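Colleague: need coordinates for the following:
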Amino acid sequence: MNGKDEARTLPDWRVLIVGGASGMGKTSVGRALARRYDIPVVEVDDIVEALLAITLPEQLPEIHFWRTHPDAARQTPESVVERQIAVAETLAPAITAVVANHVDTDTPVILEGDYVLPGATPPGGPVRAVFLHEEDEAQVAANYLCREPEAGPQRHRARVSVLYGRWLAAQARTADVPVLAPHPWESLTDRVIATIEGTERRRLSLPR
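Modeller: Numbers count the residues shown, from 1 in each chain. Next up, the predicted model:
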């Protein structure tokens with residue numbers, strides 16, 4: 001073990017979940033938090049890819065749905081959101097297992113992705129969570145255009161993202177999980193950190 005490892009101070013949580021729909025800034029803030037705490041990020045998309053590689057469509061039809069139904073993404077936004085929710089619910093046991101493993105092995109990690117459900121891993125103690133949600137469809141479309149200029153305007157995708165994000169935000173509030181607006185971008189990482197630390201202070205101050 002080198003001097004840097006010896007001097008490293010671990011956060012008082014072991015899993016930090018950064019959830020929310022696509023285009024909300026999760027990846028950027030997840031990477032910033034990883035640098036801040038000097039711990040790795042696990043992207044839920046990687047869990048999906050791993051499951052796609054080792055299962056057949058008949059075994060996990062919801063996980064394979066977007067590949068077996070390539071035109072489904074062009075259905076009505078409401079229909080696409082229903083499918084996204086189904087994928088998230090199918091993934092919930094796998095995500096819970098990843099969270100439990102990091103808690104049991106005492107290895108901190110940031111878990112980031114569209115398919116994390118607030119109720120799948122209740123926050124508190126070694127697990128913290130924050131969800132990002134942007135209500136402005138035009139802003140979400142602008143976010144897509146900024147990172148994927150070759151794709152052009154993606155208004156349908158932005159509408160899907162806002163609807164799915166709205167559903168996730170409602171689930172998060174029901175589970176008493178903090179929901180933050182991404183804007184202003186410049187202060188997002190600091191606001192997430194303050195929210196995480198504030199959540200812990202509130203938890204410790206609750207009467208026993």
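Colleague: now for the helix ranked longest in the chain, which elements pack on it?
Modeller: Ranked by number of residues, the top helix in the chain under DSSP state H is helix 77-104. On a contact count with 3 or more Cβ pairs under 8 Å, 6 or more residues apart in numbering; DSSP states H and E, helix 77-104 meets strand 15-20, helix 44-54, helix 61-68, strand 109-113, helix 155-174. (Each C-beta comes from the backbone N, C-alpha and C, glycine too.)
Colleague: what residues of that helix count as buried?
Modeller: By 16 or more other Cβ atoms under 10 Å, the buried positions in helix 77-104 come out as 77, 80-81, 83-85, 87-88, 90-92, 94-95, 98-99, 102-103.
Colleague: let's have the helices and strands packed on helix 77-104 in a markdown table, adding distance to residue 197, mean pLDDT and mean neighbour count.
Modeller: Conversion of those to a markdown table gives the following (distance: least, Cβ to Cβ, whole Å; pLDDT from 0 to 100; neighbours: other Cβ atoms under 10 Å):
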| stretch | distance to residue 197 | mean pLDDT | mean neighbour count |
| --- | --- | --- | --- |
| strand 15-20 | 11 | 96 | 26 |
| helix 44-54 | 24 | 96 | 14 |
| helix 61-68 | 35 | 96 | 16 |
| strand 109-113 | 15 | 97 | 24 |
| helix 155-174 | 18 | 96 | 20 |
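Colleague: reformat these as TSV; add distance to residue 131.
Modeller: Below are the helices and strands packed on helix 77-104 laid out as TSV (distance: least, Cβ to Cβ, whole Å):
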stretch	distance to residue 131
strand 15-20	4
helix 44-54	13
helix 61-68	21
strand 109-113	11
helix 155-174	4
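Colleague: which of these sits closest to residue 35?
Modeller: strand 109-113 (10.5 Å; Cβ to Cβ).
Colleague: hey, C-alpha coordinates of the closest one in PDB?
Modeller: Provided in PDB are the C-alpha atoms of strand 109-113 (Å, rounded to 0.1, in the frame of the first residue of the first chain):
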ATOM      1  CA  VAL A 109     -18.700   3.100  -5.400                       C
ATOM      2  CA  ILE A 110     -20.800   5.600  -7.300                       C
ATOM      3  CA  LEU A 111     -23.700   3.900  -9.200                       C
ATOM      4  CA  GLU A 112     -25.100   5.900 -12.100                       C
ATOM      5  CA  GLY A 113     -27.800   5.300 -14.700                       C
END
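Colleague: for that strand, which strands pair with it and how are they oriented?
Modeller: The strands beside strand 109-113 in its sheet (DSSP bridges) come out as strand 15-20 (parallel), strand 41-43 (parallel).
Colleague: mind putting these into JSON lines with distance to residue 148?
Modeller: Formatted as JSON lines, the strands paired with strand 109-113 follow (distance: least, Cβ to Cβ, whole Å):
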{"stretch": "strand 15-20", "distance to residue 148": "18"}
{"stretch": "strand 41-43", "distance to residue 148": "17"}
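Colleague: and of those strands, who's closest to residue 152?
Modeller: strand 15-20 (23.6 Å).
Colleague: just the buried residues of the very next helix or strand once past that closest one, please?
Modeller: Using DSSP states H and E, the helix or strand that directly follows strand 15-20 along the chain is helix 26-37. By 16+ other Cβ under 10 Å, the buried positions in helix 26-37 come out as 26, 27, 28, 29, 30, 32, 33, 34, 37.
Colleague: nice, that's everything, thank you.
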